[in-house]
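[1] Got a predicted model here, sequence first, then my questions.
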Amino acid sequence: MAGYQGFVATTYQLIRSKWRVFLTSFVLSALLSTVIFIKVNYEPYYLTKGIEYEHEAKQLCKVVQILSKSLAGPGDHVAVLNGINGVISLTHSYVQIAFGDDLSFDNGKKRSVDAERSIVAYNHSFKSGFGTVKISTLRSNKPKLKDHLYRAWTWSAVEFVKDRQGYLQHKSYLRSTFLYITLAVVWTFAIFMLSLLRSKYEENIFLNSQLVKEGYYLRKEYDTLSEEIEELVAGGVAGDSDLIADKRQKLKDLEAELGNIHAKTNINMMNAKMEYFEPNYAYTIEEIREKLCISTITNNSDISVISYSDRYFQRESHVRFFIELLGLKRLRADLLKSVNISVPILKGQDREKKEEEIRSRFAKYLPTVLFEKLKIDVHNIHDKEYLHMRVMDIIGGSEKLTLTLDKGMDSLEPHKADNDKYATATRTYAVVAYGS
């Protein structure tokens, strides 16, 4: 009993001082949020990294498949095999490749795979002139504890205590030792819950955005493969040939993957309106506006708000293309309320310098009446993967156009032969959602 009373007395003395309340609340909330944060977010982190590793493995297999097309038989194309070996040596995964029954090798990273940890495995096979090529990739998938600790602590009490002249300076607080204790307990619990909810909410957004991004890439592969089949059939390839059957099976596999993403995100990628910009073709600015429905909404409505978020929106060419794409100089300035530009940057970068650079670039091309409508928000983020998608919202009356862009304002560059037109080096897409 004496020991218990001594503990109570010590605790009471600890929290009597308002500064000790700050310290105690911070330490308790930080420790609790650390423990719960790790527990609640452990599996979502596994899932997120698994998606990234599998996507990386798919891209690696595509590169190897492209290089393998040059192989004809044993002893041929040593340079190509050396190139493949060089490619797989760059990845952090353990990669094994078998060319038929005669040749197989790996990238020597078997020790990097920890059998006691969760493993992300991906297998792929295809036919080449050398026979059937089989690729197997393995990668350990385990969260980094230091990352969880850092984010949990930075989201704890210290971020919520901005005003030191708040309730803790109130006279009734100073007169009541009971209120010291009550506020400490309530405040600690509130901070802990806010920290937990915030971390869970942002992790859910991150997971959902990763799945949506993966879904759009899969839809792009699906459409590309469908076009390949149509071209082969139109070129005289029999519809029941092995080549066509193989490609149609891949279409079914892609449909199944898109169905899984639909179930997890409640977004049907197959119904999304995807507009593609093809390489080796020059587009006028009006053609681009027409494909993205920008000309439709600007012709039908008086635009009131334009919002755009892009982590890479920092070069002068991006600003110039943004202004031309939206036709900002043709909009009615008296009805346009704001043009909102959001540019998330990593911690450590100079936020004010970035904002001033973007603002000065807009000032070169916009008249004063439109420049005054500009609102630029450059803010720091903890993780470079957050807000990776480039999203534009255009609101006019009761109508709204939302564009999700594959590569943002640098997806199309001025054409070398004709500066009045734009072109892309690789196939890129935009997801168009337009309605009331």
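    Good, I have the coordinates.

[2] Who are the packing partners of whichever strand or helix holds residue 322?
    For residue 322, the enclosing helix or strand under DSSP states H and E is helix 316-326. Helix 316-326 sits against helix 285-291, helix 294-300, helix 351-365, with contacts defined as 3 or more C-beta pairs under 8 Å, 6 or more residues apart in numbering; DSSP states H and E. C-beta here means a position set from N, CA and C on the backbone, and glycine is covered the same way.

[3] Quick one: mean pLDDT for the last one?
    Taken as a whole, helix 351-365 has a mean pLDDT of 89.

[4] If you count neighbours, what's buried in the helix or strand just after it?
    Using DSSP H and E, the helix or strand that follows helix 351-365 in sequence is helix 368-371. Buried residues in helix 368-371, counted by 16 or more other C-beta atoms under 10 Å: 370, 371.

[5] same thing with stretch 79-95?
    Buried residues in stretch 79-95 (16+ other C-beta under 10 Å): 80, 81, 84, 88, 91, 93, 94, 95.

[6] Considering those, which is situated nearest to residue 302?
    residue 91 (51.7 Å; C-beta to C-beta).

[7] can you redo the buried residues of stretch 79-95 as TSV with pLDDT and distance to residue 289?
    Formatted as TSV, those follow (pLDDT from 0 to 100; distance: C-beta to C-beta, whole Å):
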residue	pLDDT	distance to residue 289
80	75	44
81	77	48
84	82	43
88	84	43
91	85	40
93	86	42
94	89	48
95	89	44
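
[8] Out of those, which sit inside strands?
    94, 95 (DSSP state E).

[9] got CSV for the buried residues of stretch 79-95, with distance to residue 297 too?
    Shown next, in CSV, are the buried residues of stretch 79-95 (distance: C-beta to C-beta, whole Å):
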residue, distance to residue 297
80, 50
81, 53
84, 48
88, 47
91, 44
93, 45
94, 50
95, 47
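
[10] thinking again about what came up before, can you state the direction angle for the next helix-or-strand element following the helix holding residue 322 and helix 351-365?
    Proceeding N to C from helix 316-326, the next assigned helix or strand is strand 338-346, under DSSP H and E. Using axes from the mean of the first three to the mean of the last three C-alpha atoms, to 10 degrees, one finds that strand 338-346 and helix 351-365 are set 140 degrees apart in direction.

[11] CA atoms only: put strand 338-346 into CSV for me.
    Output of strand 338-346 as CSV, limited to C-alpha atoms (Å, rounded to 0.1, in the frame of the first residue of the first chain):
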residue,chain,number,x,y,z
SER,A,338,-9.7,31.2,-58.6
VAL,A,339,-7.0,29.1,-60.2
ASN,A,340,-5.6,26.8,-57.5
ILE,A,341,-2.2,25.2,-58.0
SER,A,342,-1.1,22.6,-55.5
VAL,A,343,2.5,21.4,-55.6
PRO,A,344,3.5,18.9,-52.9
ILE,A,345,7.3,18.7,-52.3
LEU,A,346,9.5,16.5,-50.1
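
[12] Among the helices and strands packed on helix 316-326, which comes closest to residue 309?
    helix 351-365 (12.9 Å).

[13] any idea how far residue 135 lies from residue 372?
    For residue 135, the distance to residue 372 equals 57 Å [C-beta to C-beta, to the nearest Å].

[14] wait, I meant residue 252
    Residue 252 is 54 Å from residue 372, by C-beta to C-beta.

[15] who has more neighbours, the two?
    Neighbour count, other C-beta atoms under 10 Å: between residue 252 and residue 372, residue 372 has more, with 12 against 9.

[16] Which pLDDT does the model give the residue lying closest to residue 286 once chain neighbours are set aside?
    In this structure, residue 286 finds its nearest non-sequential neighbour in residue 295, 6.9 Å apart by C-beta to C-beta, 6 or more residues apart in numbering. Note for residue 295: predicted pLDDT of 90.

[17] OK, contacts around residue 295?
    286, 289, 327 (C-beta atoms under 8 Å, 6 or more residues apart in numbering).
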